[in-house]
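1. Mind folding the following:
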Amino acid sequence: MTPVLPLASGSFWTLMSDSIRASSALENGILLFLVFCSIVSWAIVIWKVRTLKAARQGNAAFGQQFDKAADAAQLKAGLAGAAPSPNALAFSAAMKATSKDSSGPATASQNAMVMAMQHAARGEFTRMTRGMDILASIASASPFIGLLGTVLGIMATFQVLGSAKSASLNVIAPGIAAALIATAAGLVVAIPAVFCYNRLMAGIDEQQEQTEMFIERAAAWLHAPGVHADAGHIEHRPLAVG
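-> I've put the predicted structure just below:
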């Protein structure tokens, strides 16, 4: 069995640089495109992490206001200084729908309120998922783009090999190594993108489920016995416990 010699310090990067220099212009163009895809994917990941973090913090802050509010009027006044969040936007839409439908029967007002909250929540989560399709496309297409670079590189290597007088390892190895870098680059771009996409979508789905539960809770709270609607003013009278 032939012993495997360890790589010397810096030989990996030397191999990478030599292979890139040995690549054709088309292969280098594919590598540059993969680098661009990597930058775009990480930019989307950072953007969505911040968006998801802001939604969680906003929902938590508004949830505390919702639990402490004595009536809907007090909670409506607190919306002015609340951070934008799915729950706050849904409740704000409910207030607007109730003020427009305050002259109708309670059932119609409740339906309008729930529908307004659902539409506001859907619009917010549509905004939160914006750009995720690009991340998914990069995650799924990057390995194939890298494979395309590898195939083109191997084709060029065999073309050089066919015109060469000798088929030694020194002739084949640089071209094969340069071709395989494209596949490696595609995987380096795709693997983090897949993990980040799945984690971000799981977080967004979790927030969406919590907002749907909040809509049900808010609708029940606003239309519980003791709720009163008056020309744009909604007052929640606490239920007597006994």
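
2. for this protein, what spans make up the helices?
-> Counting by DSSP state H, the segments of the chain that form helices are 11-22, 25-68, 72-78, 86-100, 106-128, 132-163, 169-222.

3. how about stretch 34-41: buried residues?
-> When burial is assessed from 16 or more other Cβ atoms under 10 Å, stretch 34-41 yields the following buried residues: Leu34, Cys37, Ser38, Val40, Ser41. (Each C-beta comes from the backbone N, C-alpha and C, glycine too.)

4. residue contacts, the second one?
-> For Cys37, the contact set (Cβ atoms under 8 Å, 6 or more residues apart in numbering) comprises Ile138, Ser142, Ile145, Val189.

5. Can you read off the pLDDT for it?
-> pLDDT, Cys37: 95.

6. go on, the last one?
-> pLDDT for Ser41: 96.

7. these two touch, right, it and Ala193?
-> Yes: with contact defined as Cβ atoms under 8 Å, Ser41 reaches Ala193; the gap is 4.6 Å.

8. tell me, what's touching these two both at once?
-> Common neighbours of Ser41 and Ala193, using Cβ under 8 Å, 6+ apart, are Leu135, Ile138, Ala139.

9. re earlier: tell me the most buried of the helices of the chain?
-> helix 86-100 (a mean of 22; mean count of other Cβ atoms under 10 Å).

10. Pick the one among the shared contacts of Ser41 and Ala193 closest to Gln159.
-> Ile138 (30.8 Å; Cβ to Cβ).

11. Let me see the contact set for the closest one.
-> Ile138 touches Cys37, Val40, Ser41, Val189, Ala190, Ala193, counting by Cβ under 8 Å, 6+ apart.

12. run the last query once more with 10 Å
-> Ile138 makes contact with 34, 36-38, 40-42, 44, 145, 189-190, 193-194, 197 under the criterion Cβ atoms under 10 Å, 6 or more residues apart in numbering.

13. Tabulate the buried residues of stretch 34-41 (a markdown table), appending distance to Ala69.
-> A markdown table is the format used below for those (distance: Cβ to Cβ, whole Å):
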| residue | distance to Ala69 |
| --- | --- |
| Leu34 | 52 |
| Cys37 | 47 |
| Ser38 | 46 |
| Val40 | 43 |
| Ser41 | 42 |
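
14. ok, of the residues you listed, which one's closest to Ala173?
-> Using Cβ to Cβ, the buried residues of stretch 34-41 come closest to Ala173 at Leu34, 22.6 Å.

15. so that closest one sits right up against Leu147, yeah?
-> No: the pair Leu34 / Leu147 is not scored as a contact, 11.3 Å apart, by Cβ atoms under 10 Å.

16. Now do the shared contacts for these two.
-> The contact sets of Leu34 and Leu147 overlap at Ala182, Gly186, Leu187 (Cβ under 10 Å, 6+ apart).
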